[in-house]
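Peer 1: here is a sequence together with a model predicted from it:
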Amino acid sequence: MALERTLAILKPDCVRKNLIGEVIRRIQEAGFTVRALKMINLSRVDAEGFYSVHRDRPFFGELTEFMSSGPCVPIVLEKENAVADFRTLIGATDPAEADAGTIRRDFADNKGQNIVHGSDSAQNGRLESNYYFPEVEIVSNAG
Ligand code: CMP
């Protein structure tokens, strides 16, 4: 199977809880290669752009307010079957429904503040990676 890219975002609750290291440790232990990473503050407009597919959902305001409430850490990850494997690692959107041992089950408070984002398709893995990192900032010789 070919290598696939997925975009993870360690959300503001992950940063506030001092869980950056622990979450990246779990990600690397699961076999993902980090290809790009940074810490940034998203403006409300940045968050609205990234999540524009959800603009008509009732939780859009809450989601974009939360994502712009403090620093977050976007990370480009690569692995065979990266999108599906990453979603398995983090668990269901709602931590109450997430399997035992997943990142969201262990650390998230609720559906809105759920520690980490993961792309939902290989195509979005590439598009979302390029939302935060131009291709020149994604390294090909890590790991
Ligand atoms: P994420 O994987 O970042 O993609 C969209 C986000 O919307 C999702 O994680 C949740 O954090 C958030 N979300 C989805 N459903 C709800 C909801 N019912 N209430 C608040 N936030 C939600």
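Peer 2: Structure's in. What do you need?
Peer 1: now check stretch 114-127, is it near the ligand?
Peer 2: Yes: among the residues of stretch 114-127, 114, 117 lie within reach of the ligand under Cβ under 6 Å from any ligand atom. (Each C-beta comes from the backbone N, C-alpha and C, glycine too.)
Peer 1: can you give me the end-to-end distance of that stretch?
Peer 2: 22 Å (Cα to Cα, to the nearest Å).
Peer 1: so how far is that stretch off the chain centroid?
Peer 2: 6 Å (Cα atoms, centre = their mean, to the nearest Å).
Peer 1: what of stretch 14-27?
Peer 2: 12 Å.
Peer 1: the ligand contacts on the protein?
Peer 2: 54, 59, 62-63, 93, 111-112, 114, 117.
Peer 1: out of those residues, which are buried?
Peer 2: 63, 93, 111-112, 114, 117 (16 or more other Cβ atoms under 10 Å).
Peer 1: tell me the spacing between the residue lying closest to T102 once chain neighbours are set aside and N81.
Peer 2: Of all residues not flanking T102 in the chain, G91 sits nearest, at 2.8 Å (Cβ to Cβ, 6 or more residues apart in numbering). Taking Cβ to Cβ, to the nearest Å as the criterion, G91 is separated from N81 by 17 Å.
Peer 1: thank you, goodbye.
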